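In: Sequence and computational prediction follow.
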Amino acid sequence: MNDSAGDNDTLTPDRSDGGVKYHKRDFWSEENLKFSRPHFRMRKCARMINKLARGRELDLLDVGCGPAALRNLLDSNINYHGIDIAIQEPAPNLLEVDLVAAPVKFGDKQFDIVVAQGFFEYVGEFQARKFAEISELLRPGGTFIVTYINFGHRNREIYWPYSNVQQLQEFRASLARYFQIDRSFPVAHNWNHSTPQKKWLQAVQMPVDLNIPVVGPVLASEYFFICSPHAAQQAQGLARRSVRTDQVTVWISLARRCGEFTVSAAASSSGVTPRLLSVLSAPTSTP
Ligand SMILES: C[S@@+](CC[C@H](N)C(=O)[O-])C[C@H]1O[C@@H](n2cnc3c(N)ncnc32)[C@H](O)[C@@H]1O
C-alpha cells in the first residue's frame, strides 16, 4: 500500500495529467473503512481531548472523520460532529462533503474543538484555504488539533494517494499563519515509518508528548499540533459575520494584547468605534 520514497529527496504528490490528483467519494467510501477501528494516534488524540475538556460540555468537529471512530472514544460531555467525503453511516451529526470542492463548514455551527487527523495529506493545494476556514469555525478560546506526517523520517514512506506532501517546517509555517501553535510533539517514535505495533511500545508512548532533540526529527512517525486561533484572524471573521459588536470588541482587546494591532483602540461594550472598524476592515498580514 505504501510507496517508499527511498533515497529520493523530492517529495512528489500523486499526480495525473500534470496536476494534483484528488481521490473522490468512490475511492474513499472503501478506503476509509480501514479507519473503522480506533488506532494508536486516534486513541492518543481522544485522551488529549478528554483531558482538555475536563468534563465541560463542548462541541467538537472531526474534519475527515472517516467512519467516525473517534466519537466512541470521547467522554459524553463532548458533542461530536464529523465531516467527510464518504460518510459510512448517515446521522444528523455527520455531514458528507468534498472538502476540496467546498468549505469546511457545518451549517452555521461554531466549535470549541476542531480535529483533523490524517486529513491534511490529502488536500493538495488547498491547505491554506482549509486552515483559514477552520480558524473561522472556532469559538473564542477554541482549540485546533491537527496531525501531519513527518516526511523527514529516516525511512520515509509516501502513501500513493497523498496529494499534499511537504517537510514539517513548511507545514508548520503555513499553519502558523492562521493559528498560534501552542504545542507540537510526535504522535510516536518508531524505527520504521509507521506507528509502533508492539503493545509495550504503544503503552510507553501513549502518555508521552516530548520532543527529543535529534531523535524526534528522524524517528517521529507524525506530529500533533495543538493550536489556538490568532485573535486578529478571529476578529476579522466575527466582523465579516456581523456578530454583535460587543463580541467584536472583546476580540479587538484580545488582539491588542497579542500585539497584532498597533492602534490603541478604545474598545468598550457599547460598540465598535469608527477607528476600530477601519482596523477590522483592513487586510491582516496573513494571506
Ligand atoms: C487517512 S483517513 C483518516 C480518517 C480518520 N480521521 C482517522 O484518523 O482515522 C483520511 C480521511 O480523509 C477523508 N477525505 C479525504 N479527502 C477528502 C475530501 N476531499 N473531503 C472530505 N474528506 C476527505 C477520507 O474519506 C478519510 O476518511
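Out: Everything's here; your move.

In: how about the strand ranked longest in the chain, does it get close to the ligand?
Out: Looking across the chain with DSSP state E, the single longest strand is strand 138-149. No - Strand 138-149 stays out of contact with the ligand when judged by Cβ under 6 Å from any ligand atom, the minimum separation being 7.6 Å. Every C-beta, even on glycine, is put in place using the N, C-alpha and C of the backbone.

In: cool, stretch 110-117 as well?
Out: Yes - Stretch 110-117 reaches the ligand (Cβ under 6 Å from any ligand atom) through Gln117.

In: Check what contacts that stretch and list those residues.
Out: Residues outside stretch 110-117 that contact it (Cβ atoms under 8 Å, 6 or more residues apart in numbering) are 41-42, 45, 49, 52-53, 58-64, 70, 78, 81, 130, 134, 137-139, 141-147.

In: are any of the residues you listed buried, and which?
Out: Taking 16 or more other Cβ atoms under 10 Å as the criterion, what is buried in these is 41-42, 45, 49, 52-53, 58-64, 70, 78, 81, 130, 134, 137-139, 142-147.

In: Show me what counts as buried in stretch 88-96.
Out: For stretch 88-96, burial by neighbour count (16+ other Cβ under 10 Å) applies to Gln88, Asn93, Leu94, Leu95.

In: how near is the last one to the ligand?
Out: When distance is defined by Cβ to the nearest ligand atom, to the nearest Å, Leu95 is 10 Å away from the ligand.

In: sec struct for Ile226, please.
Out: Following DSSP: H, G, I helix; E, B strand; the rest coil, the label given to Ile226 is strand.

In: whoops, I mixed them up, Asn79
Out: Assigned by three-state DSSP, the conformation of Asn79 is strand.

In: With adjacent residues omitted, what lies nearest to it?
Out: Nearest non-adjacent residue to Asn79, counting by Cβ to Cβ, 6 or more residues apart in numbering: Asp59, 4.8 Å away.

In: Which strands and helices lie in contact with whichever strand or helix holds that neighbour?
Out: Here Asp59 sits within strand 58-63, counting by DSSP states H and E. Secondary-structure packing of strand 58-63 (3 or more Cβ pairs under 8 Å, 6 or more residues apart in numbering; DSSP states H and E): strand 78-84, strand 111-116, helix 127-137.

In: I'd like those laid out as a markdown table, including mean pLDDT.
Out: Shown next, in a markdown table, are the helices and strands packed on strand 58-63 (pLDDT from 0 to 100):
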| stretch | mean pLDDT |
| --- | --- |
| strand 78-84 | 98 |
| strand 111-116 | 98 |
| helix 127-137 | 97 |
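
In: CSV please, covering the ones you listed and showing distance to Glu157.
Out: Formatted as CSV, the helices and strands packed on strand 58-63 follow (distance: least, Cβ to Cβ, whole Å):
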stretch, distance to Glu157
strand 78-84, 24
strand 111-116, 21
helix 127-137, 21
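
In: picking that back up, give the partner strands of the strand holding Asp59 in its sheet and their orientations.
Out: Applying DSSP bridges, strand 58-63 is found paired with strand 78-84 (parallel), strand 111-116 (parallel).

In: and among those, the most buried is which?
Out: Stretch with highest mean neighbour count among the strands paired with strand 58-63: strand 111-116 (a mean of 24; mean count of other Cβ atoms under 10 Å).

In: Helix 127-137 and that one, what's the angle between them?
Out: Counting by axes from the mean of the first three to the mean of the last three Cα atoms, to 10 degrees, strand 111-116 lies at 160 degrees to helix 127-137.

In: Let's see strand 111-116 as PDB, backbone CA atoms only.
Out: The C-alpha trace of strand 111-116 is given here as PDB (Å, rounded to 0.1, in the frame of the first residue of the first chain):
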ATOM      1  CA  PHE A 111     -16.900  24.700  17.700                       C
ATOM      2  CA  ASP A 112     -14.800  24.600  20.800                       C
ATOM      3  CA  ILE A 113     -12.500  22.000  19.300                       C
ATOM      4  CA  VAL A 114     -11.800  21.100  15.700                       C
ATOM      5  CA  VAL A 115      -9.700  18.000  15.000                       C
ATOM      6  CA  ALA A 116      -8.100  17.000  11.700                       C
END
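
In: tell me the angle it makes with strand 138-149.
Out: With the same axes, to 10 degrees defining the directions, strand 111-116 sits at 10 degrees from strand 138-149.

In: Tell me the pLDDT of Gly66.
Out: For Gly66, the model assigns a pLDDT of 97.

In: same check, this time on Ala232
Out: 72.

In: Quick check: mean pLDDT of stretch 49-57?
Out: The model assigns stretch 49-57 a mean pLDDT of 97.
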